[in-house]
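Student: only geometry, no sequence info:
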């Protein structure tokens, strides 16, 4: 399972990098969300995978018995997903506003703040 | 839970909520000032406690470390929190004369307070994932401030700032995941103990490099700094001052924290990389500044070159060098924020920030000229100002380890800094205004609100410069804590390693 997920993470990162190399801001953002999902999966796998063993504490015990799933990485991933979602929503709106006011999504043409020198 | 650890965080959040609710009545500016002054009082209290008791730690939600989230303040955290509060207070006052009513209605003061909370939280946390969360708090507030009521220029700068910072965030998150997979913990103190037991030390170095790149983007080191000069000259002056003073320094702080406490297993490799990075950052930053002609763009490139000195202090990793880095960090925040505030006054008086198109400030506003000279000379390292001591300690540390060429670079960069400060001085202050305007300070709206913070920060620079001894002793104690983390670990985990 770990190997399978590792390959998946690799594919996600590769596609993300491909998309992020594009000059189009929207494609760059799509790449970014793929990359952030790859990061989330990395945390998930780093916490070790245990199929079908919820970390529940039986009555009368202080700790779960036997090998159970690690709850911490899942909590981390949840937090990261929420934060990532918020940032991505902001970035999308920013891209839309950039298109409205600059008239382009091509990052090479975004030179308002750093105009080319007249040589 | 200890009040002195939580108050510096609770106050800005409370101020942010109150300011947001009052944004239409324009009372937010006063909420912001009161909140910042309370925050300043809270961080002074924290500093007194830390000086008195050594490292203090608090477990949030009463979960014992390393399971819960820990807030820790050692001397480095405490001084960073204090300097954040001082800068925040100065900029909150300055905002009276800089922020438009439209920006207030859109929630400027709330975002500003959240930014301060995020920065403070990043300095106080003792948990790696929590550091990530504070980074995000800080980041989203800075996004908002950057493009608040912005035109084309702000949006354009914002796109680059957002894009590159998000990449660094994701790298940071991946690093956290991998480090957790190797050590099973995210608590700084616990990590410091557990990294030694990691089987594959080579892999640990790989993760260390991921953190170096992630924090390097935040700290704007070579070759990862491109977002900074693309964005820092676009927002309001109050915003760019607080960005210039604080945001990159959070990256430097995170680098110092991680590469003294956790990643000290392979100093020969990681810190050599840092040394190269530091040298290139100093040189490229100062050369970039020489090529610019916009007041704030020159200053932005100088941030980069000055970051190089701090990284150099960390890279050498000797007690003296680290002490220099800490001293530099504090000095730089005060001076750089002050220069950006002065750029704002200069713009309002002369109508521009392009130094070739403005002028005449020395003749018509000599007081402002003096206020500019103090931080400008301090930045370049003139005695007897704070920058002289900061540079002196770093260069001395370089000479002590017999790295002659690095010392030469550090000194040469100082000289080049004077070159661009002279350019600003000669163009904006000395030469007559090309359009014949003779702007006087009297005509400035809300004059006191703009001049008092600038003068206050300048006085701080002079105090540090004329009486460096207590600050040097303080930096020495801070360094001792950094190089021997056992009090830190004992405070957090409750056991002596």
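Tutor: Here it is on my side, so go on. Owing to the predicted nature of the structure, the values given are computational and were not obtained by experimental measurement.
Student: quick one: residue B:71 is in a helix?
Tutor: No: with DSSP: H, G, I helix; E, B strand; the rest coil as the criterion, residue B:71 is assigned strand and is not in a helix.
Student: the residue nearest the centre of chain A: which element?
Tutor: Nearest residue to the geometric centre of chain A (Cα atoms, centre = their mean): residue A:36, 1.3 Å. Assigned by DSSP states H and E, residue A:36 belongs to helix A:25-46.
Student: chain B contacts on chain A?
Tutor: Counting by Cβ under 8 Å from any Cβ of the partner chain, chain A comes close to chain B at A:20, A:25, A:28, A:32, A:35-36, A:38-40, A:42-48, A:72-73, A:76, A:79-80, A:83, A:86-87, A:90-91, A:94-95, A:97-98, A:101-102, A:107, A:110-114. Placement of C-beta: from N, CA and C, glycine included.
Student: once you drop chain neighbours, what's closest to the residue nearest to the centre of chain A?
Tutor: Distances taken as Cβ to Cβ, 6 or more residues apart in numbering or on different chains put residue A:84 closest to residue A:36, at 4.5 Å, once the chain neighbours are dropped.
Student: tally of neighbours for that neighbour?
Tutor: By the criterion of other Cβ atoms under 10 Å in any protein chain shown, residue A:84 has 23 neighbours.
Student: what does the pLDDT read for whichever residue of chain A sits closest to chain B?
Tutor: Distances between chain A and chain B by Cβ to the nearest Cβ are smallest at residue A:46, namely 2.9 Å. Residue A:46 carries a pLDDT value of 87.
Student: how about low-confidence regions in chain A?
Tutor: Applying pLDDT under 70 to chain A flags residues A:117-119.
Student: relative to residue B:430, how far out is the residue lying farthest from the centre of chain B?
Tutor: The outermost residue of chain B, judged against the average C-alpha position, is residue B:436 (37.6 Å), by Cα atoms, centre = their mean. Distance of residue B:436 to residue B:430, given as Cβ to Cβ, to the nearest Å: 15 Å.
Student: rewinding a little: specify the local secondary structure of the residue farthest from the centre of chain B.
Tutor: Applying three-state DSSP: residue B:436 is coil.
Student: next, give phi and psi for it.
Tutor: Torsion angles at residue B:436 (phi, psi; degrees, to the nearest 10) stand at phi 80, psi 10.
Student: and for residue B:224?
Tutor: According to degrees, to the nearest 10, residue B:224 has phi -120, psi 20.
Student: residue contacts, it?
Tutor: Residue B:224 is in contact with B:164, B:168, B:213, B:216-217, counting by Cβ atoms under 8 Å, 6 or more residues apart in numbering or on different chains.
Student: quickly name whichever of these is closest to residue B:440.
Tutor: Nearest to residue B:440 among the contacts of residue B:224: residue B:164, at 41.1 Å, using Cβ to Cβ.
Student: ok now the longest helix anywhere in chain A, how far from the chain's centre?
Tutor: Longest helix in chain A, counting residues (DSSP state H): helix A:71-102. In terms of Cα atoms, centre = their mean, to the nearest Å, the centre of helix A:71-102 is found 9 Å from the chain centre.
Student: which strands or helices does it pack on?
Tutor: Here helix A:71-102 touches helix A:25-46, helix B:128-147, helix B:152-183, going by 3 or more Cβ pairs under 8 Å, 6 or more residues apart in numbering or on different chains; DSSP states H and E.
Student: right, and the residue nearest to the centre of chain A touches residue B:173 too?
Tutor: Yes: counting by Cβ atoms under 8 Å, residue A:36 sits close enough to residue B:173 to count as a contact (7.4 Å).
Student: kindly report the residues of chain B close to chain A.
Tutor: Contacts of chain B with chain A, taken as Cβ under 8 Å from any Cβ, map to B:129, B:132-133, B:136, B:139-140, B:143, B:147, B:151-160, B:162-163, B:166-167, B:169-170, B:173-174, B:176-178, B:180-182, B:229-231, B:233-234.
Student: may I ask which of the contacts of residue B:224 comes out lowest in pLDDT?
Tutor: residue B:164 (89).
Student: measure it to chain A for me?
Tutor: Distance of residue B:164 to chain A, given as Cβ to the nearest Cβ, to the nearest Å: 11 Å.
Student: list the contacts of that residue.
Tutor: By Cβ under 8 Å, 6+ apart, the contact set of residue B:164 is B:217, B:224, B:226-227.
Student: contacts only, for the residue nearest to the centre of chain A.
Tutor: Taking Cβ under 8 Å, 6+ apart, we find residue A:36 in contact with A:80, A:84, A:88, B:166, B:170, B:173.
Student: ok, now which ones touch the second one?
Tutor: By Cβ under 8 Å, 6+ apart, residue A:84 lies in contact with A:33, A:36, A:40.
Student: now swap in the last one and tell me
Tutor: Contacts for residue B:173 were tallied using Cβ under 8 Å, 6+ apart; they are A:36, A:39-40, A:43, A:80, B:132.
Student: same thing with the fourth one?
Tutor: The neighbourhood of residue B:166, defined by Cβ under 8 Å, 6+ apart, consists of A:32, A:36, A:87, A:91.
Student: ditto for the first one
Tutor: For residue A:80, the contact set (Cβ under 8 Å, 6+ apart) comprises A:36, A:39-40, A:43, B:132, B:173.
Student: of those, closest to residue B:381?
Tutor: Distance to residue B:381 across those (Cβ to Cβ) is lowest for residue B:132, with 35.1 Å.
Student: so residue B:432, which of the three states?
Tutor: Under three-state DSSP, the three-state class of residue B:432 is coil.
Student: what's the spacing between it and residue B:364?
Tutor: The spacing between residue B:432 and residue B:364, counted by Cβ to Cβ, is 10 Å.
Student: related to what we said a few turns ago, can I get the contacts of residue A:80 in JSON lines with distance to residue B:274?
Tutor: Putting the contacts of residue A:80 into JSON lines (distance: Cβ to Cβ, whole Å) gives the following:
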{"residue": "A:36", "distance to residue B:274": "27"}
{"residue": "A:39", "distance to residue B:274": "24"}
{"residue": "A:40", "distance to residue B:274": "29"}
{"residue": "A:43", "distance to residue B:274": "26"}
{"residue": "B:132", "distance to residue B:274": "21"}
{"residue": "B:173", "distance to residue B:274": "22"}
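Student: for stretch B:330-344, what is the average pLDDT?
Tutor: Stretch B:330-344 comes out at a mean pLDDT of 90.
Student: and that stretch, how far out from the chain middle?
Tutor: Using Cα atoms, centre = their mean, the offset of stretch B:330-344 from its chain centre is 10 Å.
Student: pretty sure residue B:397 contacts residue B:321?
Tutor: Yes: with contact defined as Cβ under 8 Å, residue B:397 reaches residue B:321; the gap is 3.6 Å.
Student: neighbour count winner among the two?
Tutor: Taking neighbours as other Cβ under 10 Å, residue B:397 and residue B:321 compare with residue B:397 leading, 25 against 21.
Student: from residue B:442, how far off is that one?
Tutor: Per Cβ to Cβ, residue B:397 is found 47 Å from residue B:442.
Student: same question for residue B:333.
Tutor: On the measure of Cβ to Cβ, residue B:333 and residue B:442 end up 31 Å apart.
Student: which one of the two has more residues nearby?
Tutor: Here residue B:333 and residue B:442 are set side by side on neighbour count (other Cβ under 10 Å), and the busier one is residue B:333, at 22 against 8.
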